[in-house]
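**Student:** coords below, sequence missing:
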């Protein structure tokens, strides 16, 4: 249990003791569910989002806009964006960020399929939704450079959180927000 | 600003200690290893959230305890603030200001400002360039808190770029080894090897260009701020040096950045940064590390046209470091509009009477000062009279009788 992300030794112990106390059927069901998830859930062959089918639900949906593509680092980002219900286009999951320290270069990410997708399909806009960390900036730079010959490339805005007071924002966020300022409509 | 009181619980060798500061100058008297510097370290933590002695919080916690607590009352022009830092074994620090828990470090910083002057600072002139960069960075963080973030970002990019270069160095070495073993085989295999090598090379160049761009952006920010800080601190240090040496010596402080900071235009500096990287590209691949950037900056001290690092006498070096510290004190005061604290850790005994008096004259009663020393012999009598004196023994403070 301790190998799971976010679980320390104390929580691991608590979870283990809890499981032992539960009825056998319940534990078996959980074990089955875990094995099933592992064997059945894979990656969508188009966008690399988690999927039980070869092509995921979002990619198959006829109601979604085919001409917009949102690039994210991880499947978790797709889930977060989907919760907003504001985005009607499709996704492409890179599966990580460029980070030489962790031995991850462009070849370890789903970047080639992305270039193929953008160059072969009619895509009008690519939105890069990658966090502004050092690795995120580098990956954005790289992806943008590769895709610009084919289509319009934009990136999401960074700055103040909604409902946040200016005076409570930290200097770094504020500096970033100043950098990304834009004309009043 | 004035530090009214300090309360240490299970911090270093203090089990439970309250200190009320009743004079502008406090002297902590005691043998070595009794806890004098630990008390200054607690104040340093309140001012910077860093200790120059350790990076690990567990070193700060009393042996056998699970948590340490530092609380303080600080008087500022706008009122009194109470600060608290809880250091917990195997857990995050808890920071509070006026009873309110803070999520961000930057919100805690700035309530208490302090300039530290310890015997280690005497190495500043002769020591490695890293010491001088560290001194400048420490000053910059107090003047412009955002700088802490910019520097961290630069170091992060640097680490990534170094990892890439190291990787390249290893694969080049590997290829050389395989090439050698293929040399006596047919031409077809050799062509294959050459092709794969080329492929690897293109991929590497492409990736390196990404990190070059990032390094140039982050590095330029660091260079510009450092250059600006030197421009502000140099005339002050120069003034103090002249005063302390009785107008015998003139000091110049020069920032020698790895990439020229002139003219002060981010675009131009970034461009030069990239050019310098190009120039050193082969050496970098060969050595597997980044050779251009603010991590290789130098700050040069020159006294009467001679480099202080090589030619400065012991006395000149002491005058120089003292001038830097006084300049730092003055600059921080100008920026935050209140005099910061001065922490003198075991350093007064290292200065001769003339320099001591210069220092004491400069601080007078304006800067609250906490001094550690093993003996009172070297102190001026007037000074002793106006100071609050504590004896420190085995983690306990006792106020000396008049």
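**Tutor:** Nice, thanks for sending it over. Here the structure is a predicted model, which means the values were calculated and not measured. Numbers count the residues shown, from 1 in each chain, chains lettered A, B, ... in the order given.

**Student:** Any residue of the host helix or strand of residue B:275 touching chain A?
**Tutor:** Here residue B:275, judged by DSSP states H and E, is contained in helix B:266-279. No - Helix B:266-279 stays clear of chain A (Cβ under 8 Å from any Cβ of the partner chain), getting no nearer than 12.0 Å. All C-beta atoms are positioned from the backbone trio N, CA, C, and that covers glycine.

**Student:** any idea how far that helix is from the chain center?
**Tutor:** Relative to its chain's centre, helix B:266-279 lies at 27 Å (Cα atoms, centre = their mean, to the nearest Å).

**Student:** Now do the helix or strand following it: which elements does it pack against?
**Tutor:** Where DSSP H and E defines the elements, the next helix or strand beyond helix B:266-279 is helix B:281-287. Applying 3 or more Cβ pairs under 8 Å, 6 or more residues apart in numbering or on different chains; DSSP states H and E, one finds that helix B:281-287 contacts helix B:146-182.

**Student:** what's the angle between the following helix or strand past the helix it packs on and helix B:146-182?
**Tutor:** As assigned by DSSP H and E, the chain's next helix or strand after helix B:146-182 is helix B:187-244. Interaxial angle, helix B:187-244 versus helix B:146-182 (axes from the mean of the first three to the mean of the last three Cα atoms, to 10 degrees): 150 degrees.

**Student:** For residue B:21, which non-adjacent residue is spatially closest?
**Tutor:** residue B:3 (5.7 Å; Cβ to Cβ, 6 or more residues apart in numbering or on different chains).

**Student:** quick check, that neighbour in a helix?
**Tutor:** No - the assignment for residue B:3 (DSSP: H, G, I helix; E, B strand; the rest coil) gives strand, which keeps it out of a helix.

**Student:** tally of neighbours for it?
**Tutor:** 21 (other Cβ atoms under 10 Å in any protein chain shown).

**Student:** next one: the one 10 residues further on
**Tutor:** For residue B:13, the count of nearby residues is 18 (other Cβ under 10 Å).

**Student:** ok now do it, which residues does it touch?
**Tutor:** For residue B:13, the contacting residues are B:34-35, B:38, B:62, B:394-395, by Cβ atoms under 8 Å, 6 or more residues apart in numbering or on different chains.

**Student:** now residue B:83
**Tutor:** By Cβ under 8 Å, 6+ apart, the neighbours of residue B:83 are B:46, B:70-74, B:96-97, B:108, B:111-112.

**Student:** Let's see which of those residues end up in helices.
**Tutor:** Members of these lying in helices (criterion: DSSP state H): B:46, B:108.

**Student:** what stretches of the stretch 301-402 of chain B score poorly on pLDDT?
**Tutor:** The stretch 301-402 of chain B contains residues with pLDDT under 70 at B:401-402.

**Student:** Can you show me the helices along it?
**Tutor:** Counting by DSSP state H, counting those that start in this stretch, residue ranges of the helices within the stretch 301-402 of chain B are B:308-311, B:314-336, B:353-363, B:381-386.

**Student:** On the strand side of things, show who the residue nearest to residue B:21 bridges to.
**Tutor:** Beta bridges link residue B:3 to residue B:74 when assigned by DSSP bridges.

**Student:** what separates it from chain A, distance-wise?
**Tutor:** According to Cβ to the nearest Cβ, to the nearest Å, residue B:3 stands 25 Å off from chain A.

**Student:** For that residue, give me its contacts.
**Tutor:** B:21, B:43, B:72-75, B:112, B:341, B:368, B:370.

**Student:** Which one of these is nearest to chain A?
**Tutor:** For the contacts of residue B:3, the closest approach to chain A (Cβ to the nearest Cβ) belongs to residue B:112, at 18.4 Å.

**Student:** mind checking pLDDT for that closest one?
**Tutor:** Looking at residue B:112, its pLDDT stands at 91.

**Student:** count of neighbours near it?
**Tutor:** Here the number of neighbours of residue B:112 (other Cβ under 10 Å) works out to 22.

**Student:** was I right about it contacting residue B:74?
**Tutor:** Yes - assessed by Cβ atoms under 8 Å, residue B:112 is found in contact with residue B:74 at 5.2 Å.

**Student:** Please identify every residue contacting each of these two.
**Tutor:** B:1, B:3, B:46, B:83.

**Student:** possible to save those as a markdown table with pLDDT?
**Tutor:** Conversion of the shared contacts of residue B:112 and residue B:74 to a markdown table gives the following (pLDDT from 0 to 100):
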| residue | pLDDT |
| --- | --- |
| B:1 | 92 |
| B:3 | 96 |
| B:46 | 94 |
| B:83 | 96 |
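
**Student:** Quickly name whichever of those is closest to chain A.
**Tutor:** Here the nearest of the shared contacts of residue B:112 and residue B:74 to chain A, counting by Cβ to the nearest Cβ, is residue B:83; it sits at 18.6 Å.

**Student:** and the closest one, bridged to which residues?
**Tutor:** residue B:72, residue B:97.

**Student:** Quick check: residue B:160 vs residue A:69, distance?
**Tutor:** Per Cβ to Cβ, to the nearest Å, residue B:160 is found 27 Å from residue A:69.

**Student:** Quick check: which element contains residue B:10?
**Tutor:** In this structure, residue B:10 sits in strand B:2-11 according to DSSP H and E.
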